[in-house]
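Asker: what's the 3D shape of this:
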Amino acid sequence: MGADQWQDCRTECRAGGSAVKDWWWFEATSMRLYRLIFVVLAVAAGLFAQEVLMVVDEIPAMETLAAQFKARSNVASQIVRQTEMPASLARYQTVVVYIHMGLNQEPEKRLIEYARNGGNLMVLHHSISSGKRKNLEWLPFLGVTLPTGSLDQDGYAYFEEVTFEVVNLAPGEYVTTHDVRYDKKVQYASDGMGGEKGYDGFSVPTSEVYLNHRFDGPRTKLLGWKWTEPKSGRTYMQDTAGWHMATGKGSVYYFMVGHSAADFKIPAYAQILSNALRGPGRP
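Answerer: Next comes the predicted model:
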């Protein structure tokens, strides 16, 4: 059948017969339905896109972590400075904060708002540090105080270029167990109280440890750390290397390890952080 004959046939079909008219109605309706399905799927893909936003002031370490997220969870990451944050954070399944220096007031407010409105906020390493004391909302929002005073008075302190051990305090939690391969047993007493017992753990070489984070509210303790100060010979054990808490409709994770890119290459730790992308209770 030639093109002209086919066009004549289509014209005649439109002109006669209820069955033919019904066929044309079905054809048109089907096309509209296909378009609607396509739009719905496209919108759904955008809403549920698994993407992480990293708000940082030190990029190389986060490039390493982003590579771990991609390899372990097939999740893409967007790395920005706090002055470059997108207009809306709602589309991101997780927002990671890795700010060493000052946290500006506007990003501070937006990060808090993101978590309280249902987001999954992951706070890393020096995002809780003495430089954040000047922020009006940040440390109170996280429920953490960094006590002043000397170390002998249980004041906040940090030590660089040290090797310490991290232990799993929550063997029943998805974040600290799913596909996590701990490579040693560590003798540990929770917050240094009572007798020590063996915990699954791993070592963090040539890194930085923070002492005396004081919790001001409830949270789930996930990781502890153990370190011996060489001058005094005193061994510290504190349940502050990783925790989770609910806030508003959302959640906050904090993980202390992360002084350099090398820390994010530790297999057990990289897997723990990848597990936390899903948020609490989402295996």
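Asker: And for the helix or strand harbouring residue 106, what's in contact with it?
Answerer: Applying DSSP states H and E as the criterion places residue 106 in helix 105-116. The contact list for helix 105-116 (CB atoms under 8 Å, 6 or more residues apart in numbering) reads 55, 82-83, 85, 89-90, 92, 95, 97, 121, 135-138, 141, 247-252. Every C-beta, even on glycine, is put in place using the N, C-alpha and C of the backbone.
Asker: Now it - C-alpha only, CSV.
Answerer: What follows is helix 105-116 as a C-alpha-only set of coordinates in CSV (Å, rounded to 0.1, in the frame of the first residue of the first chain):
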residue,chain,number,x,y,z
GLN,A,105,25.7,31.7,60.1
GLU,A,106,23.5,31.2,57.0
PRO,A,107,24.9,27.7,56.2
GLU,A,108,24.6,26.8,59.9
LYS,A,109,20.9,27.7,59.9
ARG,A,110,20.2,25.9,56.6
LEU,A,111,21.9,22.7,57.7
ILE,A,112,20.0,22.6,61.0
GLU,A,113,16.7,23.3,59.1
TYR,A,114,17.5,20.4,56.6
ALA,A,115,17.9,17.9,59.4
ARG,A,116,14.8,19.0,61.4
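Asker: now this protein, which segments are flagged as low pLDDT?
Answerer: Counting by pLDDT under 70, the chain contains low-confidence ranges at 1-50, 280-283.
Asker: Would you mind finding the longest strand in it?
Answerer: When the chain is parsed with DSSP state E, its longest strand is strand 197-211.
Asker: who's residue 157 bridged to?
Answerer: Taking DSSP bridges as the rule, residue 157 bridges to residue 211.
Asker: Just give me the neighbour total for the closest residue to residue 183 other than its chain neighbours.
Answerer: The spatially closest residue to residue 183, leaving aside those adjacent along the chain, is residue 202, at 5.6 Å (CB to CB, 6 or more residues apart in numbering). For residue 202, the count of nearby residues is 21 (other CB atoms under 10 Å).
Asker: quick revisit: got the buried residues for the helix holding residue 106?
Answerer: Residues of helix 105-116 classed as buried: 107-108, 110-112, 114-116 (neighbour count, 16 or more other CB atoms under 10 Å).
Asker: Run through who's touching stretch 173-180.
Answerer: By CB under 8 Å, 6+ apart, the surrounding residues in contact with stretch 173-180 are 72, 168-171, 220, 222-223, 242, 244, 253, 268, 271-272, 275-276, 278, 280-283.
Asker: What subset of those is buried?
Answerer: Neighbour counting by 16+ other CB under 10 Å classes 72, 168-170, 220, 222-223, 242, 244, 253, 268, 271-272, 275-276, 278, 280 among those as buried.
Asker: Among the residues you listed, which are located in helices?
Answerer: The helices, defined by DSSP state H, take in 72, 268, 271-272, 275-276 from the buried ones among the contacts of stretch 173-180.
Asker: Among these, which pair sits farthest apart?
Answerer: By the measure CB to CB, 268 and 276 form the most distant pair in these, at 13.1 Å.
Asker: Let me see the domain layout of the chain.
Answerer: 3-45, 49-276 (automatic domain parsing).
Asker: Tell me which of the ones you listed is the most buried.
Answerer: The highest mean neighbour count among those, using mean count of other CB atoms under 10 Å, belongs to domain 49-276: a mean of 18.
Asker: mind listing the helices for the stretch 1-150 of the chain?
Answerer: According to DSSP state H, counting those that start in this stretch, the stretch 1-150 of the chain carries its helices in the segments 3-15, 18-47, 59-73, 105-116, 138-142.
Asker: relative to helix 267-276, how tilted is the third one?
Answerer: Using axes from the mean of the first three to the mean of the last three CA atoms, to 10 degrees, one finds that helix 59-73 and helix 267-276 are set 70 degrees apart in direction.
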